[in-house]
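*Asks:* Have a look; sequence and predicted model below, questions after that.
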Amino acid sequence: MSTFSQDPRFQGIKPFESKVWLSSPTMHGDEQHWVDEAIQTNWVSTIGANINEVEKQIAARIGVKYVVALSCGTAALHLATKLAGEKLYGQARVNEGTLQGHRVFCSDMTFGATINPVAYEDGDAVFIDTEPDTWNMSPEALEKAFELYPEVRLIVVAHLYGTPGKMEEIRRIADAHGALIVEDAAESLGAKYKLNGEWVETGTLGDYNCISFNGNKVITGSAGGMFLTDSEEDARKIRKWSTQSREAAPWYQHEEIGYNYRMSNIIAGVIRGQLPYMDEHIAQKKAIYERYKAGLADLPVKMNPFDAEKSQPNFWLSCMIIDEDAMCGQIRDNLKATYTHTPGKSCPTEILEAIAAFNAEGRPIWKPMHMQPIYRDHDFITINGKMHPGCFDVGADIFRRGLCLPSDNKMTPEQQDKIIDIIHRCFR
Ligand SMILES: Cc1ncc(COP(=O)(O)O)c(C=O)c1O
């Protein structure tokens with residue numbers, strides 16, 4: 001707080017009494033009812049009415065035939081990626097992943113949970129650069145990647161911050177190369193996309209689809225995730241794998257490796273209580289996005305973009321990106337960041353520090369996977385082919401100039417106006 005409290009630009013601003021969060025859980029009371037019922041009826045493990053009900057409700061809402069409730073989105077992504085690998089390359093030896101020896105094209109600007117399952121399955125993630133229109137996988141860069149590696153048969157794609165990516169183009173490219181798609185709709189639950197002229201929900205756009213009920217998502221179970229599919233066989237397989245791969249025998253009999261990934265009926269009770277409020281939360285998130293857009297319109301910044309003709313985001317996180325010529329000096333190494341304040345300019349580091357100083361939570365843009373030390377040896381493909389010196393890197397540019405704004409659906413208009421005011425003062 002010290003530097004900002006003494007900075008004349010911020011005179012008269014008081015910190016928020018209670019923290020304004022990036023995106024926190026919003027309970028309504030119904031959750032307690034379903035959790036209590038699970039406890040009173042003693043259905044507290046991985047079988048029960050709450051699980052059946054949330055699977056049914058999500059299937060109806062998203063428009064898929066089968067849903068498998070799992071412990072988290074990461075578990076859903078792991079099993080989806082494994083299943084894709086098994087479909088493509090056959091059942092792996094027990095001590096090997098299904099993607100061993102195979103490259104997989106992956107979204108680059110996403111949370112690590114999207115693409116880590118490729119490594120869990122011994123695959124080799126190749127990162128595909130981002131396009132500036134939706135901040136998702138660039139179909140153009142994906143085409144380039146297939147020119148370099150025509151043998152690839154799997155694409156893992158996420159919808160960043162609740163904004164659907166260019167799935168029509170990505171599907172066309174995948175089909176042309178006989179590739180399967182794992183769709184990570186963890187951040188985009190409830191977002192819609194116009195596919196071949198028809199509005200469909202994200203979570204239906206891949207061959208294997210995943211959602212999350214992590215505490216920061218539009219609705220939460222405190223944890224939880226789901227695998228979504230129209231294939232009864234795939235649903236059965238994922239359900240079996242998630243419950244330790246038990247065969248139909250009187251004793252523990254195993255023909256496949258197993259996982260303990262099934263959702264608990266307690267978690268499902270929280271989700272059951274949240275489901276009626278999903279549209280309300282999305283409407284609140286949308287109002288927050290629009291208030292930022294109007295409130296920041298006079299600054300040299302833009303909101304995270306989407307294509308209004310082709311998509312209806314769920315507006316999970318509102319983000320902004322600073323125009324290049326309004327960026328002050330900013331240096332980030334692997335663990336720290338500094339900046340030099342320049343009148344009329346600012347940068348994500350300054351704005352995030354200012355917001356934090358007044359007790360609100362923003363966050364840097366998810367650091368692209370190709371910039372992560374753990375994946376430094378992996379290929380990164382841009383619209384100009386394999387990354388080379390002088391080649392423009394869209395993901396790194398958005399990471400450098402962008403940031404996630406406090407987007408909690410419980411934030412009041414007055415609190416949001418104060419955040420907008422703080423951002424203005426950063427540019428003074
Ligand atoms: C894009 C994305 N994929 C996957 C996950 C992982 O989901 P979970 O936390 O439910 O495991 C998250 C966040 O939590 C996410 O943001």
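*Replies:* It's in.
*Asks:* So what's the residue count around Thr146?
*Replies:* In this structure residue 146 is Phe, not Thr. Look at Phe146: counted by other C-beta atoms under 10 Å, it has 18 neighbours. Every residue, glycine included, has its C-beta placed from N, CA and C.
*Asks:* domain ranges for the protein?
*Replies:* Using automatic domain parsing, the domains assigned to the chain come out as 2-25+278-372+385-426, 30-276.
*Asks:* any idea of the mean pLDDT in the first one?
*Replies:* Here the mean pLDDT over domain 2-25+278-372+385-426 is 96, rounded to a whole number.
*Asks:* Which stretches in the stretch 251-400 of the chain count as strands?
*Replies:* Here the stretch 251-400 of the chain has its strands, by DSSP state E, counting those that start in this stretch, at 301-303, 311-312, 319-322, 329-332, 337-340, 363-364, 380-382, 385-386.
*Asks:* just to revisit the earlier point, of all the domains of the chain, which gets the most neighbours per residue?
*Replies:* Among these, the stretch with the highest mean neighbour count (mean count of other C-beta atoms under 10 Å) is domain 30-276, at a mean of 21.
*Asks:* Can you give me the end-to-end span of that one?
*Replies:* Start-to-end span of domain 30-276 (C-alpha to C-alpha, to the nearest Å) is 9 Å.
*Asks:* That one near the ligand at all?
*Replies:* Yes: residues of domain 30-276 contacting the ligand under C-beta under 6 Å from any ligand atom: 72-74, 77, 110-111, 113-114, 158, 184, 186-187, 212, 214, 225.
*Asks:* residue of the chain with the smallest distance to the ligand?
*Replies:* Gly73 (2.7 Å; C-beta to the nearest ligand atom).
*Asks:* Run through the helices of this structure in chain order.
*Replies:* Assigned by DSSP state H, the helices in the chain fall at 2-6, 30-40, 49-62, 73-89, 116-120, 139-148, 167-176, 232-242, 265-274, 278-295, 348-357, 394-401, 413-426.
*Asks:* helices or strands next to the first one in the packing?
*Replies:* Contacting helix 2-6 under the criterion 3 or more C-beta pairs under 8 Å, 6 or more residues apart in numbering; DSSP states H and E are the following elements: helix 348-357.
*Asks:* Keeping just the C-alphas, turn the helix it packs on into PDB.
*Replies:* Presented in PDB, the C-alpha positions along helix 348-357 are these (Å, rounded to 0.1, in the frame of the first residue of the first chain):
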ATOM      1  CA  PRO A 348      -0.200  -4.500 -16.300                       C
ATOM      2  CA  THR A 349       2.300  -4.600 -13.400                       C
ATOM      3  CA  GLU A 350       1.500  -1.000 -12.300                       C
ATOM      4  CA  ILE A 351      -2.300  -1.500 -12.600                       C
ATOM      5  CA  LEU A 352      -2.200  -4.900 -10.800                       C
ATOM      6  CA  GLU A 353      -0.100  -3.400  -8.000                       C
ATOM      7  CA  ALA A 354      -2.400  -0.400  -7.700                       C
ATOM      8  CA  ILE A 355      -5.500  -2.600  -7.600                       C
ATOM      9  CA  ALA A 356      -3.900  -4.800  -5.000                       C
ATOM     10  CA  ALA A 357      -2.900  -1.800  -2.900                       C
END
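*Asks:* give the contact list for Trp241.
*Replies:* Neighbour list for Trp241: Leu79, Lys82, Glu256, Ile257, Gly258, Tyr259, Tyr261 [criterion: C-beta atoms under 8 Å, 6 or more residues apart in numbering].
*Asks:* Just send the residues you listed back as JSON lines, with pLDDT too.
*Replies:* Formatted as JSON lines, the contacts of Trp241 follow (pLDDT from 0 to 100):
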{"residue": "Leu79", "pLDDT": "99"}
{"residue": "Lys82", "pLDDT": "98"}
{"residue": "Glu256", "pLDDT": "97"}
{"residue": "Ile257", "pLDDT": "97"}
{"residue": "Gly258", "pLDDT": "98"}
{"residue": "Tyr259", "pLDDT": "98"}
{"residue": "Tyr261", "pLDDT": "98"}
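*Asks:* Phi first, then psi, for the spatially most central residue of the chain.
*Replies:* Closest to where the C-alpha atoms of the chain average out (C-alpha atoms, centre = their mean) is Glu187, at 3.7 Å. Glu187 has phi and psi values of phi -90, psi -10 when expressed as degrees, to the nearest 10.
*Asks:* surely it meets Asn136?
*Replies:* No: using C-beta atoms under 8 Å, Glu187 makes no contact with Asn136, being 10.7 Å away.
*Asks:* Quickly list what's touching both of these two.
*Replies:* Ala158, His159, Leu160.
*Asks:* Might you report the residue contacts of the nearest residue in space to Tyr193 that is not next to it in sequence?
*Replies:* Spatial nearest neighbour of Tyr193, chain neighbours left out: Pro164 (4.1 Å); criterion: C-beta to C-beta, 6 or more residues apart in numbering. The contact partners of Pro164, taken as C-beta under 8 Å, 6+ apart, are Thr134, Asn136, Ser188, Ala191, Lys192, Tyr193, Thr202, Leu205, Phe306, Lys310, Ser311, Pro313.
*Asks:* closest to Val20 among these?
*Replies:* Pro313 (21.4 Å; C-beta to C-beta).
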